[in-house]
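[1] sequence-free structure coming up:
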């Protein structure tokens with residue numbers, strides 16, 4: 001994991017000023033859409049996220065779409081051995097590109113197979129994954 005990008009967002013001055021926590025949606029949006037923490041925070045606030053509170057999947061994905069990104073669901077979230085993916089193994093499925101992976105009550109960013117989140121290396125079950133790509137044209 002390239003912790004520098006995640007740690008930079010985690011240590012953002014604006015995040016400290018706002019005394020934020022429960023901001024995984026802001027962090028994942030910033031990582032997947034290549035935004036600053038402040039910009040991602042403002043966008044999530046526009047889509048209904050309140051300070052120090054979580055956000056629902058629809059709001060997070062709609063925020064990415066509103067920025068001009070294409071959001072595509074990743075299908076076939078079953079490994080070759082028949083098991084579902086976890087935070088520890090999702091990098092194998094998401095090798096190229098920017099993704100948002102959802103587990104129960106949490107979202108994380110995945111970039112080119114690297115997980116950017118505190119849960120990296122854990123075995124939380126992945127429920128949904130969406131590829132975030134810039135629209136052409």
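    That came through fine. Here the structure is a predicted model, which is why all the values come from computation and not from measurement.
[2] use CA for all of it now, contacts and neighbours both
    Will do.
[3] give me the low-pLDDT residue ranges for this structure?
    1-3, 137 (pLDDT under 70).
[4] which residues in it form helices?
    With DSSP state H as the definition, the chain shows helices at residue ranges 3-10, 13-17, 24-32, 37-46, 57-66, 90-93.
[5] which of those is buried the deepest?
    Of all the helices of the chain, helix 24-32 carries the top mean neighbour count, a mean of 25, counting by mean count of other CA atoms under 10 Å.
[6] for it, the distance to its chain's centre please.
    Put simply, helix 24-32 sits 5 Å off its chain's centre (CA atoms, centre = their mean, to the nearest Å).
[7] Helix 37-46 and that one, what's the angle between them?
    Between helix 24-32 and helix 37-46, the angle formed by their directions is 130 degrees, by axes from the mean of the first three to the mean of the last three CA atoms, to 10 degrees.
[8] returning to that earlier point: nearest to residue 111, out of the helices of the chain?
    Nearest to residue 111, of all these, is helix 24-32, at 7.3 Å by CA to CA.
[9] So what touches that closest one?
    Helix 24-32 is contacted from outside by 6, 9-10, 35-37, 39-41, 44, 54-55, 60, 64, 98-100, 106-111, 116, 132, using CA atoms under 8 Å, 6 or more residues apart in numbering.
[10] before we move on, back to that, could you dump the helices of the chain into TSV with distance to residue 84 added?
    As requested, those are exported to TSV (distance: least, CA to CA, whole Å):
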stretch	distance to residue 84
helix 3-10	25
helix 13-17	33
helix 24-32	21
helix 37-46	29
helix 57-66	20
helix 90-93	9
